[in-house]
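Student: here are the coordinates; sequence isn't available:
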């Protein structure tokens, strides 16, 4: 696979931050889109989204949370493990 050094440098520069809430990318090159999906260090990514790469996950459809300094648990709000992070596990046995 041929990698554009320009896009590789752009991905590295985009990830060179202590934050990682959202990231957005526009391209009609499928290989470049796949590289962005693999390389992006953000909790939510948008590809070819007309509204831009602002915070705005779709409630009930996409979990929302950040990586690095934009998140604390690695668990996104509304994701599969969101509720469990607020629960305590307990086993109980009752013998009559």
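Tutor: Received it, and whenever you're ready, just let me know what you need. It should be emphasised that the depicted structure is a prediction, and the values quoted were computed from it without experimental measurement. Numbering: from 1, shown residues only.

Student: can you confirm residue 24 is in a strand?
Tutor: Yes - counting by DSSP: H, G, I helix; E, B strand; the rest coil, one finds residue 24 located in a strand.

Student: That one: how many residues sit nearby?
Tutor: By other CB atoms under 10 Å, the residues close to residue 24 number 18. To be clear about C-beta, it is placed using only N, CA and C from the backbone, and glycine gets the same treatment.

Student: again, but for residue 84
Tutor: Applying other CB under 10 Å, we find 11 residues neighbouring residue 84.

Student: what do you get for residue 85?
Tutor: For residue 85, the number of neighbouring residues by other CB under 10 Å comes to 10.

Student: mind checking how far the residue nearest the centre of the chain is from residue 10?
Tutor: By CA atoms, centre = their mean, the chain has its centre lying nearest to residue 43, at 2.1 Å. Counting by CB to CB, to the nearest Å, the gap from residue 43 to residue 10 is 20 Å.

Student: re the thing from before, count residues in the vicinity of the closest residue to the residue nearest to the centre of the chain other than its chain neighbours, would you?
Tutor: Leaving out its chain neighbours, the residue that sits closest to residue 43 by CB to CB, 6 or more residues apart in numbering is residue 66, at 4.1 Å. Residue 66: 19 surrounding residues under other CB under 10 Å.

Student: And the one 5 residues further on, by the same measure?
Tutor: Look at residue 71: counted by other CB under 10 Å, it has 18 neighbours.

Student: And the pLDDT for it?
Tutor: We have a pLDDT of 78 for residue 71.
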